[in-house]
Structure formats: C-alpha cells, structure tokens
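>>> take a look and give me a structure for this.
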Amino acid sequence: MKRIILLITFILTASAAAFSQNTHTVIKQGLDSIVIAQSKKEVFSYDSKGNIILHVQYNWNKKNNDWIGDYKQEYTYNHNHNLINIQSYWNDDANDWARRRKFESMYDGNGKAMNIFYWWDNDTNDWIISTKYESTYERQIIYCWGDEVNDWIEYEKIEYTYDNDSNLTMEIFYENNNVAIKDFKNEYMYDNNGNKTVFINYRWNNDTNDWIKYSKTEYTYDSNDNQIIYTYYEWNDTNNDWEVGHKFESIYDNNGNKTMRFYHDWFYSTYSKTEYVFDLSFSKTDLIIPKTINYVGKDMLTKEISYKWSETDWEQSYIITYYWSAKEITVEEKISK
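Model prediction:
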C-alpha cells in the first residue's frame, strides 16, 4: 500500500513538474448584444477569461418607449470549471427580477457528469431541490427528489448506442415506474465524413408492443460538408408513408458562412428566407461567442435580414443586428518543461 501511495505521489509530482502555467492576454471581439429594433434585445457580459457570466433578454415596451426586462441568466464557475446557472424572470408587480430556477453542472473527471435543478420557493425564500441528471458515455439517468423518502427517485433513463467511429446511432428513452418502460427512440445515420444524414424518431406502442414511426429529418451536404438541405417529415398512418412538413435550403460563401437560408413549411403554407451578413475581418477564432446562442457562421455575423413571401414578392419582416466590441481576456496555457 505504501509503495502505491509513493508511486501516485511521484506521478503527480512529475506531472506538475512537467508543465508550467503561462498566462497572457489577448484581444478578442465579444458579442455585446443582439437586437431586433423595437421588439427584443439580448445583452451579454463576460469574465476576464471570456466566459459568459450574464445573459439578459428584454422586450420592447411600446407604451413607455423603452426596454423592459424579460429573462435573465447568471453564470458562475469554480476552479474545476463547474457551472452554476441562476435563471430569473421579470416581475412587473415588484418591478424587479424574481428568481425562478437554478442549474448546477458538475464533472467528476472519470467520465461522469451530473446536473442538478432547483426551483425557487418564495415562501421559504430558498432553493428547493427538484431534478438530477447523471450522465455517462453509455446512458443518462434522470431522478426527481422524493420528499417522502428524502432521497432521489429514478423516473427516466436514456441509453446510448454508438458506431465504431463513436457517432451516436441510437437513443432509447425509458420511463420508470418501479420498472423501465419504453417511451420513445431516436436513430441516427451518418455519411463517410461523419455528417449526420438521417434522424428518425419512434414512439413506443404498448398495444402492439412495437416501435411506431413518428418523424424523420434528412440532411444533405455539399463537398465542403456544409449542410445545404434540411427536410423534416412526419409519418402518415393513412398513406403509410412519410409526409414532408418543412424544409430549409442554405447557401454558403467561400469561407463557409451561411449567407442565405430559405424556409418552406407545407403544414402552414408559409415561405420565408433569411440573409446573413458577415464582417470578414474577424474569423470565429477572433470572437467571444456565448454558448447560450446558436451561432451561424465562420466569421463575424453582423446582421440577419428576414423576409416572408407575399404572393408576388419578398416582404421584409425584421432585421436582427449583432453588436461586438474589443475585449481583453486572459488566456492560460500549459507549457511542457
């Protein structure tokens, strides 16, 4: 036992001695806000390392001709990069932010991640524990807190299957009522480049004791692996075939930026398009992008211009403007000695 402890101590000491910490600062362009004029606005703040610490959404108040709070997320990190996210909503009566939910994310370093959700209780003025997610490579188990037993109770489970290239090929979702009961299933297919080409969702039928097709999405890519077509279908029991619901078609520039996206919805008989405008002076590596948004592009996105088809021509719906500014952030690098 003593020899094992000495060996571990040596490995840790040697590992620490093999690396030194180098800290320096760099200038990057941070996303400050996303604005739809007189409609919605999202504002972002960051810490000295470029991690997002605040994300606030506002709605335009036409009566007061001003922005009013809607939704706020605050983020804190510890030395292990574990995350605490507190979510609040604007309370008109109190004219202040009201806490709603807290999310704690932890990772044990052995391939196991854990997320815990809490709800804010106005009566006790404290957080009430609610749900826990434990995730590994093979599965995710979801628990709810049982006040009666003062412990976690398993109520849902997801099992994952992968191919030889570690691509996720299947997810099976189970409900738990003392025994695992199948709920729904997702299947994925990929091309030779690892791009997802097909996604199929099934629902479990207890009467037939079998999986029933529900929806399907097909993805098509160009020679640069840019996704150019996204088509969504739903299963039609009457025709016993897939029925197209909506489709996205995208166009890209030479840098791989999506510059145009067309959207056709057969369910609601709508047709629209979005133009994306980029500043090519800054690539994605020059940017600080909040993980809370779905960013489009390889360079600095500055505008999204949306149109809807109005019988004979395109009619502009709205413009989304992205505002950036230079920020000095601290970068830590491990350098081998």
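>>> buried residues in stretch 277-285, which are they?
Residues of stretch 277-285 classed as buried: 277-278, 282 (neighbour count, 16 or more other Cβ atoms under 10 Å). Backbone N, C-alpha and C define where each C-beta goes, glycine included.
>>> could I get the residues you listed as JSON lines with secondary structure?
Shown next, in JSON lines, are these (DSSP: H, G, I helix; E, B strand; the rest coil):
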{"residue": "277", "secondary structure": "strand"}
{"residue": "278", "secondary structure": "strand"}
{"residue": "282", "secondary structure": "strand"}
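>>> and which of those is nearest residue 211?
Residue 211 lies nearest to residue 278 out of the buried residues of stretch 277-285, by Cβ to Cβ, at 42.9 Å.
>>> please tell me how far the closest one sits from residue 253.
Residue 278 is 8 Å from residue 253, where distance means Cβ to Cβ, to the nearest Å.
>>> spell out which residues are contacts of both of those two.
Common contact partners of residue 278 and residue 253 (Cβ atoms under 8 Å, 6 or more residues apart in numbering): residue 259.
>>> list the contacts for residue 330?
When contacts are counted by Cβ under 8 Å, 6+ apart, residue 330 touches 23-25, 48-49.
>>> residues near residue 155, how many?
15 (other Cβ atoms under 10 Å).
>>> over to residue 255?
Close neighbours of residue 255, defined as other Cβ under 10 Å, add up to 13.
>>> for residue 46, same thing?
Neighbours around residue 46, by other Cβ under 10 Å: 19.
>>> OK, contacts around it?
Residue 46 touches 30, 52-53, 288, 327, 329, counting by Cβ under 8 Å, 6+ apart.
>>> among the residues you listed, which are in helices?
Counting by DSSP state H, those place none of their members in helices.
>>> please report the distance of residue 293 from residue 287.
From residue 293 to residue 287 the distance is 12 Å (Cβ to Cβ).
>>> let me fix that: residue 299
From residue 299 to residue 287 the distance is 8 Å (Cβ to Cβ).
>>> just give me the closest of the contacts of residue 46 to residue 240.
Using Cβ to Cβ, residue 52 comes nearest to residue 240 of the contacts of residue 46, at 47.6 Å.
>>> how much space between the closest one and residue 39?
If you go by Cβ to Cβ, the gap between residue 52 and residue 39 works out to 23 Å.
>>> quick revisit: so which of the contacts of residue 330 sit within strands?
Within the contacts of residue 330, residues falling in strands by DSSP state E are 23-25.
>>> secondary structure element for the most centrally placed residue in the chain?
Centroid check for the chain by Cα atoms, centre = their mean gives residue 292 as the closest residue, at 6.4 Å. For residue 292, there is no enclosing helix or strand under DSSP states H and E.
>>> where's residue 290 relative to residue 28, distance?
For residue 290 relative to residue 28 (Cβ to Cβ), the value is 13 Å.
>>> more neighbours: those two, which one.
Taking neighbours as other Cβ under 10 Å, residue 290 and residue 28 compare with residue 290 leading, 21 against 18.
>>> wait, that one touches residue 54, no?
No: if you go by Cβ atoms under 8 Å, residue 290 and residue 54 don't touch, sitting 9.6 Å apart.
>>> overlap in contacts, these two.
Contacts common to residue 290 and residue 54, judged by Cβ under 8 Å, 6+ apart, are residue 44.
>>> scan the protein for its longest strand.
Max-length strand for the chain by DSSP E is strand 313-336.
>>> ok now that one, how far from the chain's centre?
17 Å (Cα atoms, centre = their mean, to the nearest Å).
>>> just the buried residues of it, please?
320-322, 324, 327, 329.
>>> CSV please, covering these and showing distance to residue 84 and pLDDT.
What follows is the buried residues of strand 313-336, written out as CSV (distance: Cβ to Cβ, whole Å; pLDDT from 0 to 100):
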residue, distance to residue 84, pLDDT
320, 29, 98
321, 31, 98
322, 27, 98
324, 27, 98
327, 23, 97
329, 21, 95
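>>> ok, residues contacting stretch 55-68?
38-44, 69-73, 75, 90, 290, 292.
>>> that older thread, what lines up beside the longest strand of the chain in the sheet?
Note on strand 313-336: by DSSP bridges, its sheet partners are strand 19-36 (antiparallel), strand 299-310 (antiparallel).
>>> can you name the next helix or strand after the first one?
Sequence order places strand 40-46 as the next helix or strand after strand 19-36, per DSSP H and E.
>>> what about that next one, average pLDDT?
For strand 40-46, the mean pLDDT works out to 97.
>>> avg pLDDT for stretch 109-129?
92.
>>> okay, now the unreliable bits of the stretch 101-250 of the chain?
The stretch 101-250 of the chain contains residues with pLDDT under 70 at 177-178.
>>> can you give me the end-to-end distance of stretch 200-215?
6 Å (Cα to Cα, to the nearest Å).
>>> dump the contacts of residue 330 into CSV; add distance to residue 215 and neighbour count as well.
Shown next, in CSV, are these (distance: Cβ to Cβ, whole Å; neighbours: other Cβ atoms under 10 Å):
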residue, distance to residue 215, neighbour count
23, 49, 8
24, 49, 8
25, 48, 9
48, 44, 11
49, 40, 13
